[in-house]
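Asker: got a structure for you, letters missing:
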């Protein structure tokens, strides 16, 4: 690189190096956030693979920091990249919508149409009678893929607006009734080994 840009120039020292550190930290922190999510959800192949790339990029960024200890812009770029990488990692995880969730619904009115509609959409539904603070209530439970959560929420809001419901992450689900997924993406094939182990 020194053939094109002198290493003692202002541009190299105060713009290019901090920019590269910033981009490296965004990359490794985004990967790191995804790695933690994949490991917590039991993806045994993708988690370690992401960890490999995360640490290589981190070492490159740290190497540049150590070579430019007197450059405060490198420190700012390092911290800014870390924060931005966390944000981007969380946004990526939201877009991937990984995992399975339990939706617990406590409707405020008759549940017949709500249960019927959830079942028509092939969601498994379990319901039980309970006693709430204001008297008898029904509790409806359904376990769905996280990416199906917006559809479930729209069904709840259509048939039982203002119903109280909670969503909990689940690590493992065995058996049950869930809508079939027809798409077979590269990501899905890569993560298939999780189920086989």
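Answerer: Arrived safely. These figures come from a predicted structure and were not determined experimentally. Numbers count the residues shown, from 1 in each chain.
Asker: Give me the three-state assignment for the residue nearest the centre of the chain.
Answerer: The chain has residue 93 as the residue nearest its centroid, 2.5 Å off, counting by C-alpha atoms, centre = their mean. Secondary structure state of residue 93, per DSSP: H, G, I helix; E, B strand; the rest coil, is helix.
Asker: Could you tell me which residues make contact with it?
Answerer: Neighbouring residues of residue 93 by C-beta atoms under 8 Å, 6 or more residues apart in numbering: 33, 34, 37. In short, each C-beta sits where N, CA and C put it, glycine included.
Asker: In three-state terms, label the first one for me.
Answerer: Read that as residue 33. Per three-state DSSP, residue 33 ends up helix.
Asker: Can you mark which positions in the top strand by length along the chain are buried?
Answerer: Of all segments of type strand in the chain, defined using DSSP state E, the longest is strand 135-145. Judged by neighbour count using 16 or more other C-beta atoms under 10 Å, the buried positions of strand 135-145 are 137, 138, 139, 140, 142, 143, 144, 145.
Asker: So what sits opposite the fifth one in the bridge?
Answerer: For residue 142, the beta-bridge assignment (DSSP bridges) gives partners residue 103.
Asker: Verify the contact between it and residue 122 for me.
Answerer: No: counting by C-beta atoms under 8 Å, residue 142 stays clear of residue 122, with 10.7 Å between them.
Asker: Okay, strands next: where are they in the chain?
Answerer: Here the chain has its strands, by DSSP E, at 100-106, 126-132, 135-145, 164-170.
Asker: any chance of these in JSON lines, with mean pLDDT and distance to residue 21 too?
Answerer: Below are the strands of the chain laid out as JSON lines (pLDDT from 0 to 100; distance: least, C-beta to C-beta, whole Å):
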{"stretch": "strand 100-106", "mean pLDDT": "91", "distance to residue 21": "37"}
{"stretch": "strand 126-132", "mean pLDDT": "88", "distance to residue 21": "52"}
{"stretch": "strand 135-145", "mean pLDDT": "90", "distance to residue 21": "38"}
{"stretch": "strand 164-170", "mean pLDDT": "90", "distance to residue 21": "34"}
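Asker: With distance to residue 12 as extra columns, can I get these in CSV?
Answerer: Formatted as CSV, those follow (distance: least, C-beta to C-beta, whole Å):
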stretch, distance to residue 12
strand 100-106, 49
strand 126-132, 63
strand 135-145, 48
strand 164-170, 46
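Asker: Out of those strands, flag the one nearest residue 29.
Answerer: strand 164-170 (21.8 Å; C-beta to C-beta).
Asker: Which parts of the closest one count as buried, going by neighbours?
Answerer: residue 165.
Asker: which helices and strands does it pack with?
Answerer: For strand 164-170, the elements it packs on are strand 100-106, helix 149-159, judged by 3 or more C-beta pairs under 8 Å, 6 or more residues apart in numbering; DSSP states H and E.
Asker: Cheers, nothing more for now.
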